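Student: just a sequence and a predicted model for now, questions to come.
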Amino acid sequence: MTDGTKPSAPAVEARDISLRRGGRTIVAGVTFAVNPGDLYLLHGPNGSGKTTLLRALAGFSRPACGSLKRAVGRTILLGYADAVKAAFTAKENIDFWGALYGAAPATVERAISQLRIFPFLNQRTGTLSSGQRRRLALCRVVISRRPIWLLDEPTAGMDAASVATAVDLIAGHCRSGGSAVVATHEALPFAGARTITLADAA
Amino acid sequence: MTDGTKPSAPAVEARDISLRRGGRTIVAGVTFAVNPGDLYLLHGPNGSGKTTLLRALAGFSRPACGSLKRAVGRTILLGYADAVKAAFTAKENIDFWGALYGAAPATVERAISQLRIFPFLNQRTGTLSSGQRRRLALCRVVISRRPIWLLDEPTAGMDAASVATAVDLIAGHCRSGGSAVVATHEALPFAGARTITLADAA
Amino acid sequence: MAFDLANPQRFEKLAARLVPLLTIASGVTALFGLYMALFDSPADYQQGDSVRIMYVHVPAAWMALLCYSTMAIASAIGFIFKHPLADVAAKSAAPIGAAFTFLALVTGSLWGKPMWGTWWAWDARLTSVLILFFLYIGYIALWNAIDDKIRAARLAAIVCLVGFINIPIIKFSVDWWNSLHQPASVLRAGGPTIHGSMLTPLILMGAAYALGFAALLLVSMRGELAERRIARLEQAGRPPSKATVA
Amino acid sequence: MKKMLAIFERDIALAFRAGGGAINSVVFLALTVLIFALAVGPDRARLAASAAPILWTAATLAAMLSFDSIFQADFEDGSLDVLAEATESLGFVAVSKAAAHWVSALLPLILATPPLAVLLGLPAAAYFPLVISLAVATPALSLLGVLASALALSLRRASILMTILTAPLLTPAVIFGVAAANAGAENSPLFGPLLMLLAAFTLLFLIAMPLAAGAALRFNID
Amino acid sequence: MKKMLAIFERDIALAFRAGGGAINSVVFLALTVLIFALAVGPDRARLAASAAPILWTAATLAAMLSFDSIFQADFEDGSLDVLAEATESLGFVAVSKAAAHWVSALLPLILATPPLAVLLGLPAAAYFPLVISLAVATPALSLLGVLASALALSLRRASILMTILTAPLLTPAVIFGVAAANAGAENSPLFGPLLMLLAAFTLLFLIAMPLAAGAALRFNID
Ligand code: HEM
Ligand SMILES: Nc1ncnc2c1ncn2[C@@H]1O[C@H](COP(=O)(O)OP(=O)(O)OP(=O)(O)O)[C@@H](O)[C@H]1O
Ligand SMILES: Nc1ncnc2c1ncn2[C@@H]1O[C@H](COP(=O)(O)OP(=O)(O)OP(=O)(O)O)[C@@H](O)[C@H]1O
Ligand SMILES: [Mg+2]
Ligand SMILES: [Mg+2]
């Protein structure tokens, strides 16, 4: 369920879905399928519904109409909130994720070194800088070894070197048969990415 | 105290200051003065101490050594936390700031229109998108009419149009005799800005 | 019938016709009932004329339970079939139920002073009705605390269904604990044990309360539906964003 | 002054908003009375004897529980920085906050006491002294609460510590408060002096607490 | 199962961390007893008579106050999304959370009861029944707490509502709990049956609450 092997059918498929929040339809008529190897960049102005769409893809909310198929246990969402326990050290957070996703120690160690967590591995995460915390949050995605990454502004607050690392990680994940949907306002240098653009009708 | 008129001496002046957090010296040997019209971009990798420095300039913490002079009541800090009350609507938040800083209704209205708050003026801010909330947060800085803006990644999560607006606002503020220190990882198109770069010694 | 009602437009039409009928029926029954209760029924040999509080108290207590049960059924339908009309019914029944519960508490309390020599006692029946009252209040507050109607409906339904545990506790509290309050004499296995001259007005008053409840429920549901229509119109000003995949 | 008023008004508005917490303490009080009455059982005399102590206990606890929220939300969402920066005097912020806390959390508590006293079977002569003693003593609680909440900020959710720190400061209010309420109920001549003592206590806190709270905030914001 | 264990262990670790809250409820219990004893004054017989009710009241209140924290922090920092996504069954998350809550908040409470009972002058014969009745009834409180906390998520800090909603469900536990404790103290033959009733209540909650909490979480995460 949590392995990285390729599934045969699209693991996430949206057909003409509409999403509502607080009685308002935020996005309408979204159709696309995420196949192994696919990398989508999700663009659109503030408030156009990128976050809303990603959360629906992750299974947190149901579309008001249209059909959304998703294989259970194959997606992983990185939201704005870093989902990091401030009272724990980075190491403790990572260990918990390892246990939660049943990750092998080798996977965990690789993720730590790729994302350069080491300098603050034993620091309480409550005292991390915003970019450090974001790197740690991305570490969870890598550790989960789930095939479909749903990333909401993954590089928010990261410095140039970290952005490059994140881009490499995501691109590498997709090359090796995973897939990703990345909502972002930055011009991230991905080769061969497709885009979904949400345009405010107003 | 809260007017935008030019002070004669530098309103903030740091001389060889060092800042400590949790027993560690984070930044050392920072020297600069903020004069009317100055615009500083604060660069540096994650964890290099940009946030720490801005908070010191705002008067929230004292340097461990060196001298930091600051005129009371002339600075305003925009931190990561948007300082927005989720239970209030955007309007209610703005009204409170207006009362707190004693801003004239005209100032408030101009800020609302400049930052395009109108579409979500009467929405509970707990339901805003991240970029919308950031715009609202920046609105507070404009409303305060304080001369020295200390902005910590002001454009985080903003779309291209909003980034342009923010840049215009900041540049305009400095042209009219205000000054700003802006910590950012993005390449914001400021003409004639000076930079402070914090480099990780490690 | 159920499908007829499930359509909001048809519900509107039906409700518009039913409300006046129910109101008149309730009023007429109440007039008859009150006449019999106040003038045409005997004073109790133990309680004297204070027994007449019974005709207000007992039906109110019945309605307190009935309203909650209505809410629970509507909540279950709303939760399982996700039908908004059921949510609206549950939401609208709550304030009415709270009012009946309050009435039962107040009249019971008024009756308690002459009968037991105290306004209030911490006995199982009284306490559980007080708790039912809190439950109503909590349920109403929950609806008001959440902006999103759908989420509010689902969460309130969970609360209502879980709280349903309290209903059998109230009903059987007098049998399970030895309580100050008297055991059931009408709604009990083995038939009523109360004399006909008191039973008839009591039943009439019960019918009047129930008809009144139905009328109020329909009125309040129509109000809620209208409110929702207005909210929808207000939101129509901000169209959704469209997606292009490239 | 204008700023203090703005902060006060905002806090009141927030408290009475859905999810605010204005009636939290009333509900807590009612609940304590309910559970205690259920636990004591149907013995009315025993209940009436414990009425004044349980009401005072519950009111004090309700107040203490509401301390937590005085600065916590503002701290978490960044608003405390804003208040500190806008006023440049955290002592004044503390005074506004204490006033708003009293109005939104403790005043409803005082108003809720008489009906609950009826349910507990408190003798009628005891109502007025109970309410008066609460009204005089509770501002001290709000002032103490501001300090407690300010101290607790950097201890995320550490209401324990806050509790341990404030309990000693608050016991005099409880002891004299109950004593005053009892004296009043028994028409004892001590009622007046005890009330004066309570008032003195409140005044003392009015001077000491905002200063202390301001200092605590300054360190916790850093 | 492994995931449930991981969540359980993490919660325990967090609770016993500085600012955790493991001993919050013990402190609250002690404080309630202290304030109540102060308010009652020097009459020891009166105090002893109220000992069992006040301990039960305080324990129930302490439990209810700790409900708030069960999911709140996880909700705010995004961890709840992670748990939901990783397990794909919020019911199981609820069970882990209830278990962790019982161990970190209510078990210390039970352990703290005997010493406090001594302070209140409870007769020695009454200790064991009091502790046993608490031990049997408190898991039901944790299970109820999970539902309460799950419901309250979208109501930011709305502990009132949560309180109103849970109080009705918790009163049976209190009534039977105190009855059992009293029956045990008086060596009444009802002690056994009352304990069985409490246990049945706990079992009922064990089935119903995780389901309901899971559903509530699902809607609140949306
Ligand atoms: C606040 C106080 C009281 C409350 C909350 C209360 C509550 C209730 C409830 C819930 C019922 C409906 C029970 C059922 O359908 O089985 C009921 C019925 C009744 N109550 Fe009360 N009651 C109170 C005081 C009294 C008093 C003081 C009396 C008179 C001594 C009284 C006499 C009755 C009678 C005769 C019935 C009808 C029982 C039957 O025929 O089923 N109640 N009450
Ligand atoms: N309860 C609600 N009532 C009204 N509007 C709402 C509600 N909840 C969300 N919205 C609106 O829905 C939109 C959803 O925004 P979402 O967070 O998905 O945007 P986004 O594309 O991620 O924006 P950003 O780039 O700023 O992150 C916003 O315009 C927001 O104001
Ligand atoms: N209590 C502490 N103990 C140890 N190190 C700390 C403590 N508090 C902060 N730090 C460290 O101090 C540095 C301060 O970071 P600061 O937030 O100022 O960085 P920044 O330049 O703003 O980074 P970013 O670009 O990620 O926002 C970080 O490296 C952080 O890990
Ligand atoms: Mg977004
Ligand atoms: Mg920073």
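Tutor: Right, received. Where do you want to start? Numbering: from 1, shown residues only, chains lettered A, B, ... in the order given. Ligands and ions are numbered 1, 2, ... in the order given.

Student: name the residues of chain C found near chain D, please.
Tutor: Counting by C-beta under 8 Å from any C-beta of the partner chain, chain C comes close to chain D at C:Thr118, C:Trp119, C:Trp120, C:Ala121, C:Trp122, C:Asp123, C:Thr127, C:Leu130, C:Asn144, C:Ala145, C:Leu180. In short, each C-beta sits where N, CA and C put it, glycine included.

Student: nearest residue to the middle of chain A?
Tutor: A:Leu151 (2.4 Å; C-alpha atoms, centre = their mean).

Student: let me know whether that one touches A:Ser179 as I believe.
Tutor: No: at 11.3 Å, A:Leu151 does not count as touching A:Ser179 under the criterion of C-beta atoms under 8 Å.

Student: if we can go back for a sec, distance between the strand or helix carrying the residue nearest to the centre of chain A and the chain's centre?
Tutor: If you go by DSSP states H and E, A:Leu151 is part of strand A:148-152. The chain centroid and the centroid of strand A:148-152 are separated by 2 Å, computed with C-alpha atoms, centre = their mean, to the nearest Å.

Student: buried stuff in the helix or strand following it?
Tutor: Next along the chain after strand A:148-152, taking DSSP H and E as the criterion, comes helix A:160-175. Using 16 or more other C-beta atoms under 10 Å in any protein chain shown as the burial criterion, the residues of helix A:160-175 that qualify are A:Ser162, A:Val163, A:Thr165, A:Ala166, A:Val167, A:Leu169, A:Ile170, A:Ala171, A:His173, A:Cys174.

Student: tell me the one of the residues you listed nearest D:Leu143?
Tutor: Checking the buried residues of helix A:160-175 against D:Leu143 with C-beta to C-beta, the nearest one is A:Ser162 at 47.1 Å.

Student: which ones are touching the closest one?
Tutor: By C-beta atoms under 8 Å, 6 or more residues apart in numbering or on different chains, the contact list for A:Ser162 reads A:Leu115, A:Arg116, A:Gly131, A:Arg134, A:Arg135, A:Thr155, B:Pro45, B:Asn46.

Student: from E:Ser79, how far off is the first one?
Tutor: When you say that, I think you mean A:Leu115. 19 Å (C-beta to C-beta, to the nearest Å).

Student: can you tell me which of the residues of chain C next to chain D is nearest ligand 3?
Tutor: C:Ala145 (35.6 Å; C-beta to the nearest ligand atom).

Student: where exactly do the helices run in chain D?
Tutor: D:2-16, D:24-40, D:44-49, D:51-67, D:69-76, D:79-87, D:90-101, D:107-120, D:127-152, D:159-185, D:191-221 (DSSP state H).

Student: can you give me every residue that contacts the nearest residue to D:Arg10 once chain neighbours are set aside?
Tutor: Among residues not flanking D:Arg10 along the chain, B:Phe96 sits closest, at 4.9 Å (C-beta to C-beta, 6 or more residues apart in numbering or on different chains). Applying C-beta under 8 Å, 6+ apart, we find B:Phe96 in contact with B:Lys85, B:Phe88, D:Ala6, D:Arg10.

Student: would you map the helices across the chain?
Tutor: Because you didn't say which chain, this covers chain A. Using DSSP H, helices in chain A cover A:50-57, A:90-101, A:105-114, A:130-144, A:160-175.

Student: think we crossed wires, I meant chain C
Tutor: C:2-6, C:8-38, C:54-81, C:84-116, C:124-145, C:149-163, C:166-176, C:196-235.

Student: I'd like the mean pLDDT over the shortest one, please.
Tutor: Model confidence over helix C:2-6 averages 50 on the pLDDT scale.

Student: cool, and the fourth one?
Tutor: Averaging the model's pLDDT scores along helix C:84-116 yields 92.

Student: list the contacts of the spatially most central residue of chain D.
Tutor: Nearest to the mean C-alpha position of chain D, counting by C-alpha atoms, centre = their mean, stands D:Ala63 at 3.5 Å. Residues in contact with D:Ala63 (C-beta under 8 Å, 6+ apart) are D:Ser25, D:Ala105, D:Leu106, D:Leu109, D:Thr138, D:Leu141, D:Ser142, D:Gly145.

Student: which bits of chain A sit near ligand 2?
Tutor: Within chain A, the residues that sit near ligand 2 (C-beta under 6 Å from any ligand atom) are A:Arg21, A:Gly22, A:Arg24, A:Ile26, A:Gly44, A:Asn46, A:Gly47, A:Ser48, A:Gly49, A:Lys50, A:Thr51, A:Thr52.

Student: excluding its backbone neighbours, what's nearest the third one?
Tutor: Leaving out its chain neighbours, the residue that sits closest to A:Arg24 by C-beta to C-beta, 6+ apart is C:Gln235, at 4.5 Å.

Student: wait, doesn't the one you found sit right on A:Gly23?
Tutor: Yes: if you go by C-beta under 8 Å, C:Gln235 and A:Gly23 touch, sitting 5.5 Å apart.

Student: show the pLDDT at the closest residue to ligand 3 within chain C.
Tutor: Chain C approaches ligand 3 most closely through C:Ser241 (30.6 Å), counting by C-beta to the nearest ligand atom. On the pLDDT scale, C:Ser241 is placed at 83.

Student: count the neighbours of it for me.
Tutor: Other residues near C:Ser241 come to 26 when the count uses other C-beta atoms under 10 Å in any protein chain shown.

Student: that one touches A:Val27, doesn't it?
Tutor: Yes: the pair C:Ser241 and A:Val27 passes the contact test of C-beta under 8 Å, sitting 5.2 Å apart.

Student: what sits in contact with each of these two?
Tutor: A:Ser48, A:Gly49, A:Leu198.

Student: find the nearest non-adjacent residue to C:Gln47, please.
Tutor: In space, C:Gln47 is closest to C:Met115, 6.7 Å off (C-beta to C-beta, 6+ apart).

Student: pLDDT below threshold where in the chain?
Tutor: Unless you meant another one, I'm taking chain A. Regions of chain A meeting the criterion pLDDT under 70 cover residues A:1-9, A:201-202.

Student: try again with chain C
Tutor: Using pLDDT under 70, chain C drops low at C:1-6, C:45, C:174-179, C:187-193, C:237.

Student: get me the contact residues on it for chain E.
Tutor: Residues of chain C lying near chain E (C-beta under 8 Å from any C-beta): C:124, C:127-128, C:131-132, C:134-135, C:137-139, C:141-142, C:145-146, C:148, C:151, C:154-155, C:158-159, C:161-163, C:165-166, C:169.

Student: report the buried members of those residues.
Tutor: C:124, C:127-128, C:131-132, C:134-135, C:137-139, C:141-142, C:145-146, C:148, C:151, C:154-155, C:158-159, C:161-163, C:166, C:169.

Student: quick check: residues of chain A near ligand 4?
Tutor: Taking C-beta under 5 Å from the ion as the contact definition, chain A meets ligand 4 at A:Lys50, A:Thr51.

Student: residue contacts, the residue in chain A that ligand 1 sits nearest to?
Tutor: Among the residues of chain A, A:Gly23 lies closest to ligand 1, at 37.9 Å counting by C-beta to the nearest ligand atom. By C-beta under 8 Å, 6+ apart, the contact list for A:Gly23 reads C:Asp148, C:Lys149, C:Ala231, C:Arg232, C:Gln235.

Student: quick one: which of those has the most company?
Tutor: Taking other C-beta under 10 Å as the neighbour criterion, C:Lys149 ranks highest of these with 19 neighbours.
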